[in-house]
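In: Could you look at this predicted model? Sequence included:
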Amino acid sequence: MTNGQRNNFDALRLSGAFLVLISHQFALSGRVEPMFLGDHSFGNLGVLIFFSISGYLVTSSWLKDPSILRFTARRALRMVPALCISIPLTFAVIAALGLTGFPENPKHLPNGSLWTIPYEVYCYGLLIVAGTATRRPSIVLVVGIFGYFALSGLQSGESFLADFGLFFAAGSLLRACPYLRKPLPTLSSLVIGYALIRIDQTNLGLAFVVPSLTIAIGVRSWAGLRNISKVGDLSYGIYIYAWPVQQIGVALWGRETPYLELLSITVPVTVALAAASWHLIEKKALRFKPGRPFGNSAPGRARVVSEADLH
């Protein structure tokens, strides 16, 4: 990797976060979310990008240092400190503004984006189990696909763990099997995914398309995208702050406010909070992540992407 091993992952995560923000602005103001494919909104696409990248980078972290305790500590340091600030801060601001929640808003939850975080944690657990049992975390893909079909067949509702697990597992497999990232396998994944989508197997088809494209772009180093990392990794902060900022905006200005006007208010506020979260909390917390013991490198487990340490 050139340019100090900087690549395009920060830009892709940021794009995913903005897809979620833009899509939620429709729903939180009582508008219909635009769909990009079937019943998948653009916000859902952003989440699928997140899970694909996470599967790839977190597997990279595990391969470099397959220690359950250190792996868990790194994951916790990446996610928990920012949440411990954002949740009480959200309720404090709501109270300071004299709001008693959002009973008049189309959606009532103070932060509905957080519901996907437990599924991310479940995927980490699957990776630990698979990695500990087999030393081949790509088995997560098999677990994800099996869970998808089994759970879909046993219950009538959606299985979010199976759905999201497919994308996490696909990202994990792409990291564990580098040959799958070559042009011909990538093209084959896109063709298979397109064929599955055409026969109404949309979720499974997207699990071939989204991770393959996301990782193919992410591992590269394009000047227009890699330089976004200079401002910091704002994607997580945008993800955890956008919803409450948008809820407050709708409560104060009203759901009838034009969409773009609401967006012009919530985007800068959210980005400012995300920047503060990264530079004052997340980045500082990552300084405490445990390092691998000196000389404890397993053969063939070379450093692939520096961002793995941030996951």
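Out: Nice, I can see it.

In: So what's the gap between stretch 111-129 and the chain middle?
Out: On the basis of CA atoms, centre = their mean, to the nearest Å, stretch 111-129 sits 10 Å off its chain's mean C-alpha point.

In: buried residues in that stretch?
Out: Under the neighbour-count criterion of 16 or more other CB atoms under 10 Å, stretch 111-129 has Asn111, Gly112, Ser113, Leu114, Thr116, Tyr119, Glu120, Cys123, Tyr124, Leu126, Leu127, Ile128 buried. (Glycine included, C-beta is placed from N, CA and C.)

In: Please report the distance of the fifth one from Gln247.
Out: Relative to Gln247, Thr116 is positioned 17 Å away (criterion: CB to CB, to the nearest Å).

In: rewinding a little: as CSV, the buried residues of stretch 111-129 with pLDDT would be great.
Out: Formatted as CSV, the buried residues of stretch 111-129 follow (pLDDT from 0 to 100):
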residue, pLDDT
Asn111, 95
Gly112, 94
Ser113, 93
Leu114, 94
Thr116, 93
Tyr119, 91
Glu120, 94
Cys123, 89
Tyr124, 92
Leu126, 84
Leu127, 87
Ile128, 88
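
In: Once you drop chain neighbours, what's closest to Phe160?
Out: Spatial nearest neighbour of Phe160, excluding adjacent residues (CB to CB, 6 or more residues apart in numbering): Tyr119 at 5.7 Å.

In: And the strand or helix carrying the one you found, what does it pack against?
Out: Using DSSP states H and E, Tyr119 sits within helix 117-134. Packing partners of helix 117-134 (3 or more CB pairs under 8 Å, 6 or more residues apart in numbering; DSSP states H and E): helix 42-64, helix 68-96, helix 139-154, helix 160-176.

In: centre of the chain versus the first one, how much separation?
Out: It stands for helix 42-64. A distance of 6 Å separates the centroid of the chain from that of helix 42-64, by CA atoms, centre = their mean.

In: Check which helices and strands that helix sits against.
Out: Where contact means 3+ CB pairs under 8 Å, 6+ apart, helix 42-64 is packed against helix 9-28, strand 35-37, helix 68-96, helix 117-134, helix 160-176, helix 202-218.

In: check contacts around Gly291.
Out: Under the criterion of CB atoms under 8 Å, 6 or more residues apart in numbering, Gly291 has no neighbours.

In: Check what contacts stretch 72-86 and list those residues.
Out: Residues outside stretch 72-86 that contact it (CB under 8 Å, 6+ apart) are 58, 61, 111, 114, 117, 120-121, 124, 128, 236-237, 240-241, 244, 277, 281-282, 285-286, 288-290, 309-311.

In: and if we set it to 7 Å?
Out: Here stretch 72-86 makes contact (CB atoms under 7 Å, 6 or more residues apart in numbering) with 61, 117, 124, 236-237, 240-241, 277, 281-282, 285-286, 288-290, 310-311.

In: cool, and stretch 191-202?
Out: With CB under 7 Å, 6+ apart as the test, stretch 191-202 has contacts from Leu37, Gly38, Leu204, Gly205, Leu206, Phe208, Val209.

In: Stretch 99-112 too?
Out: Residues outside stretch 99-112 that contact it (CB under 7 Å, 6+ apart): 27-30, 90-91, 94, 243-244, 247, 250-251, 255.

In: same question, stretch 114-128
Out: 47, 54, 58-59, 62, 68, 71, 75, 79, 137, 140, 143, 160-161, 164-165, 168, 172, 240.

In: among those residues, which ones are buried?
Out: For the contacts of stretch 114-128, buried by 16+ other CB under 10 Å: 47, 54, 58-59, 62, 71, 75, 79, 137, 140, 143, 161, 164-165, 168, 172, 240.

In: Tell me the spacing between the residue nearest the centre of the chain and Gly171.
Out: Nearest to the mean C-alpha position of the chain, by CA atoms, centre = their mean, lies Phe50 at 2.4 Å. Separation of Phe50 from Gly171 (CB to CB): 10 Å.

In: repeat for Gly125
Out: 16 Å.
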